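> Fold the stuff below for me.
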Amino acid sequence: PSNVGQSVTFTASVAPQFSGTVKGTVTFYDGTTALKTVYLSGGVAKFTTSTLASGMHTITATYNGSTSFIGSSASLTHTVN
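You can find the predicted model right below:
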């Protein structure tokens with residue numbers, strides 16, 4: 001959990017099932033609201049925010065796919081006190 005106004009960093013790691021270098025972007029969502037789209041660097045995308053309101057947030061990181069890889073997503077619940 002975090003407190004209102006506190007910076008929180010969300011990290012998404014994208015790895016290929018077999019081989020290759022994953023390139024492209026990851027979009028971070030709070031529920032259905034897009035927060036930011038970030039380019040992968042070394043298979044990792046990071047997003048830092050301090051604007052989450054008090055309460056529970058379902059944060060989803062969606063890999064948007066590329067010409068070589070299909071998209072995927074994963075989510076977690078984050079609580080802001």
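> How about the contacts made by the residue nearest the centre of the chain?
Centre of the chain computed as the mean C-alpha position; nearest residue by C-alpha atoms, centre = their mean is A61, 3.2 Å away. Contacts for A61 were tallied using C-beta atoms under 8 Å, 6 or more residues apart in numbering; they are F10, A12, V26, T27, F28, Y29, A45, S73, A74, S75. No exception for glycine: its C-beta is placed from N, CA and C like everyone else's.
> ok, now with 7 Å
Taking C-beta atoms under 7 Å, 6 or more residues apart in numbering, we find A61 in contact with F10, A12, V26, F28, S73, A74.
> what kind of secondary structure is V38 in?
Three-state call for V38 (DSSP: H, G, I helix; E, B strand; the rest coil): strand.
> Check the burial of the closest residue to it other than its chain neighbours by counting its neighbours.
Nearest non-adjacent residue to V38, counting by C-beta to C-beta, 6 or more residues apart in numbering: A45, 4.2 Å away. The number of residues packed near A45 is 23, by other C-beta atoms under 10 Å.
> What are the buried residues along the helix or strand hosting A45?
Counting by DSSP states H and E, the element that carries A45 is strand 44-49. Of the residues in strand 44-49, A45, F47, T49 count as buried by neighbour count, 16 or more other C-beta atoms under 10 Å.
> which residues touch the first one?
Going back to what we said before, that points to A45. By C-beta under 7 Å, 6+ apart, the neighbours of A45 are A12, V26, V38, Y39.
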